[in-house]
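Visitor: Take a look and give me a structure for this.
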Amino acid sequence: MQVDESGPSFSLGLSQSSDSKASSSHTTRQQKGKMQAAKATEQKQKPTEAEHRLRRKLSIPKVYDIMQSINGKKTKKKIIEVLNEYGFGGMLHICNWTRIHTFFVDWIVNNFDKDNMCIRLTTTKVLELKEHDVHRVYELPMVGKKINTGVCSDEAIKRLRAELGLNEGFSQYVKLVELERVLKTTEKPTAWVKGAICYTIHNILCPTNHSDVSLHYAHILEDAVGVSSYNWCAHILDYMKEGLRSPGVANPLADFHFLLINYLDKMGKRSPFLTGKYKHPSLRDWDVKMANQDIQKVYDVMGLEHGLTAGVTQLNTTAKFWRNPRN
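Guide: You can find the predicted model right below:
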């Protein structure tokens, strides 16, 4: 942004002529107008509060570190087995995202349609966000009962706290740093998995800006069969939609990890919609370097709203893939 900073021109005399005064006044008004216009433009370009939150909070590396910590556990094999039994084994393949292009953040914020749950590309084309999209990205359970954290009992929370080795009590929350300490030190497979699920929900799946991790999933985590009998994919979409509509709910796009991977899956040059190669979970395919390179290329060449035109066309005929998405 360039603003004309040249001042009014005065004569060397002690007083200005009427012409000089008029010229000076006119120039001053021009300057003032330019400065006001520049200020208005700058205000329009300032990121919104939501964009600030999006750029400031990035919890993907935290989940990556926790999942990688399994490699140092004596009970590694059993932990992986239990994590898969609970339906969260896909999180083992998460890539370590340390940065995301801010222009992509801006674009997602401006084009996310919360009412219709889609990323709007043009006036006629959208990237819908469906349960099978969540399943493709995370390979979480997609069928079963609706999750209702409001029915979690104090007793269930107390049992979970005891299993995690937390202090006695009925507190429905645990400090993030305290839960991280538990996950780094415990060798108990089931306890680790339950804690890791709460941690992952807090940071990525149903992210919040709070420092306390909710234990309201305690009743669902009672056993492996119970966890996998719930529709986690629907829960993630419901949380995102409700959070975007309710200012009081912590920002569900704090990481927007799902939106990012979903976009890359459908619009990137290595899109499974183009190649027919479906890998579950698809989050394993998008490391920070490759994804940022793809986003930058698409952005530079034709704009994020277009991506690969062939990919957009292919989206209109993807129903056949979902009958057997592994083929």
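Visitor: From residue 128, how far off is residue 59?
Guide: 26 Å (CB to CB, to the nearest Å). Using the backbone N, CA and C atoms, a C-beta is placed for each residue, glycine as well.
Visitor: Settle it for me: which of those two has more neighbours?
Guide: residue 59 (20 against 15; other CB atoms under 10 Å).
Visitor: Hmm, residue 205 and the more buried one touching each other?
Guide: No - contact criterion CB atoms under 8 Å: residue 59 and residue 205 do not qualify, at 10.6 Å.
Visitor: Identify the residues contacting residue 176.
Guide: By CB atoms under 8 Å, 6 or more residues apart in numbering, the residues touching residue 176 are 199, 202, 211-213.
Visitor: May I see the buried residues of stretch 72-85?
Guide: Within stretch 72-85, the residues that count as buried by 16 or more other CB atoms under 10 Å are 73, 75, 78-80, 82-85.
Visitor: Can you list which of the residues you listed are found in helices?
Guide: Judged by DSSP state H, helices contain the following of the buried residues of stretch 72-85: 78-80, 82-85.
Visitor: For residue 221, which residues are in contact?
Guide: Here residue 221 is in contact with 86, 160, 194, 197-198, 227 (criterion: CB under 8 Å, 6+ apart).
Visitor: Repeat the analysis, applying 7 Å as the threshold.
Guide: 160, 194, 197, 227 (CB atoms under 7 Å, 6 or more residues apart in numbering).
Visitor: The nearest residue to the third one once chain neighbours are set aside: how many residues sit nearby?
Guide: Right, the one you point to is residue 197. Using CB to CB, 6 or more residues apart in numbering and skipping the chain neighbours, the partner closest in space to residue 197 is residue 88 (5.6 Å). Under the neighbour criterion other CB under 10 Å, residue 88 is assigned a count of 24.
Visitor: Over to residue 261?
Guide: 26.
Visitor: From residue 281, how far out is the closest residue in space to it that isn't next to it in sequence?
Guide: Leaving out its chain neighbours, the residue that sits closest to residue 261 by CB to CB, 6+ apart is residue 137, at 4.8 Å. Using CB to CB, residue 137 is found at 6 Å from residue 281.
Visitor: Comparing the two, which residue is more hemmed in?
Guide: Taking residue 137 and residue 281 together and counting by other CB under 10 Å, residue 137 has the greater number of neighbours (25 against 20).
Visitor: least trustworthy helix or strand in this protein by mean pLDDT?
Guide: The helix or strand of the chain with the poorest confidence is helix 49-56; it has a mean of 44 (mean pLDDT, DSSP states H and E).
Visitor: Would you indicate which residues of the very next helix or strand once past it are buried?
Guide: For helix 49-56, the following helix or strand on the C-terminal side (DSSP states H and E) is helix 60-68. Using 16+ other CB under 10 Å as the test for burial, helix 60-68 gives 60-64, 66-67.
Visitor: burial measure for residue 280, as a count.
Guide: 16.
Visitor: okay, now the residue lying closest to it once chain neighbours are set aside: neighbour count?
Guide: Counting by CB to CB, 6+ apart, residue 280 lies nearest to residue 139, which is 4.7 Å off, once chain neighbours are set aside. By the criterion of other CB under 10 Å, residue 139 has 22 neighbours.
Visitor: can I assume residue 139 is in contact with residue 281?
Guide: Yes - the pair residue 139 and residue 281 passes the contact test of CB atoms under 7 Å, sitting 4.0 Å apart.
Visitor: what is in contact with those two at once?
Guide: Contacts common to residue 139 and residue 281, judged by CB under 7 Å, 6+ apart, are residue 90.
Visitor: send the alpha carbons of stretch 165-177 over as CSV?
Guide: Extracted in CSV, the C-alpha atoms of stretch 165-177 (Å, rounded to 0.1, in the frame of the first residue of the first chain):
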residue,chain,number,x,y,z
GLY,A,165,-4.4,-41.6,37.8
LEU,A,166,-5.8,-38.1,38.4
ASN,A,167,-6.8,-36.7,41.7
GLU,A,168,-10.0,-38.0,43.2
GLY,A,169,-13.1,-35.9,42.5
PHE,A,170,-15.9,-35.4,40.1
SER,A,171,-14.4,-32.6,38.0
GLN,A,172,-15.5,-32.8,34.4
TYR,A,173,-12.3,-31.3,33.1
VAL,A,174,-8.6,-31.9,33.4
LYS,A,175,-5.8,-29.4,32.7
LEU,A,176,-4.2,-30.0,29.3
VAL,A,177,-0.7,-30.2,30.8
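Visitor: what comes up buried for it?
Guide: 166, 172-174, 176.
Visitor: Over to stretch 173-190?
Guide: Neighbour counts over stretch 173-190 (16+ other CB under 10 Å) mark 173-174, 176, 178-180, 182-183, 186, 188-190 as buried.
Visitor: out of those residues, who's nearest residue 112?
Guide: residue 176 (26.2 Å; CB to CB).
Visitor: And the pLDDT for that closest one?
Guide: On pLDDT, residue 176 comes in at 93.
Visitor: Good, wrapping up.
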